[in-house]
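[1] here is the input, now give the coordinates:
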Amino acid sequence: CQPLMSFLGLIPQMFFKSNVEAAIESMKAPYVVMILIIGLTPAICEETVMRGVVLSGYKNVSVKKAALMNGFLFGIFHLNPEQFLYAFALGFIFVYLVYITKSIFASMLCHFMVNSINYSVSTLLTKATSTLKTTAKQPEIRNLPLNSKLIVFFFWLILASISVILIITVIKELIK
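    Okay, the predicted model is just below:
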């Protein structure tokens with residue numbers, strides 16, 4: 001799901017300033033504590049609400065309709081245009097995980113992994129760039145020239161497309 005999330009997170013970044021990174025940077029805590037805050041807490045709380053409580057209200061509709069509604073509500077639940085698209089997609093996928101495994105723990109585990117991997121990669125990249133002894137920050141995508149935006153966009157579009165094909169294939173196989 002990571003390439004799909006990166007692509008869907010990239011689209012709003014072309015128009016909106018990211019407040020997620022700023023919020024995370026403002027929290028000064030050890031790595032393990034941040035994993036608990038960013039990875040574990042949302043995995044338990046958000047999954048309990050969205051795939052536990054909300055999804056239970058969609059038992060009388062098809063899994064596809066339930067996944068669309070749950071994903072849409074999960075995107076809105078984040079209250080942030082930057083996160084809406086990828087939260088919608090993940091919410092959709094997580095419904096299928098719960099449906100296939102008949103357990104909310106599958107979506108909790110995946111939610112934990114997605115958030116923890118994103119935070120870990122971001123932390124590693126920040127540490128790697130801080131050792132380069134430069135004060136220059138990586139420019140935001142919305143400030144790049146059009147040709148650079150297109151290169152970044154199509155790179156992530158290709159990776160996301162491959163990711164979607166793999167996700168659909170895995171879900172179909174698991175449903176069988």
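[2] please make it C-alpha for all contacts and neighbour counts, starting now.
    Fine.
[3] centre of the chain to the helix or strand of the chain with the lowest mean pLDDT, how far?
    In the chain, no helix or strand scores lower on mean pLDDT, DSSP states H and E than helix 20-26, which sits at a mean of 73. Helix 20-26 sits 16 Å away from the centroid of its parent chain (C-alpha atoms, centre = their mean, to the nearest Å).
[4] stretch 58-67 too?
    Per C-alpha atoms, centre = their mean, the centroid offset for stretch 58-67 relative to its chain is 22 Å.
[5] same question for stretch 61-73.
    Using C-alpha atoms, centre = their mean, the offset of stretch 61-73 from its chain centre is 17 Å.
[6] state the number of residues packed around residue 49.
    13 (other C-alpha atoms under 10 Å).
[7] could you export the least confident helix or strand of the chain as CSV, CA atoms only?
    Output of helix 20-26 as CSV, limited to C-alpha atoms (Å, rounded to 0.1, in the frame of the first residue of the first chain):
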residue,chain,number,x,y,z
VAL,A,20,1.1,16.7,9.1
GLU,A,21,4.9,16.9,9.0
ALA,A,22,4.9,20.1,11.0
ALA,A,23,2.7,18.5,13.7
ILE,A,24,4.9,15.4,13.9
GLU,A,25,8.1,17.5,14.0
SER,A,26,6.7,19.5,16.9
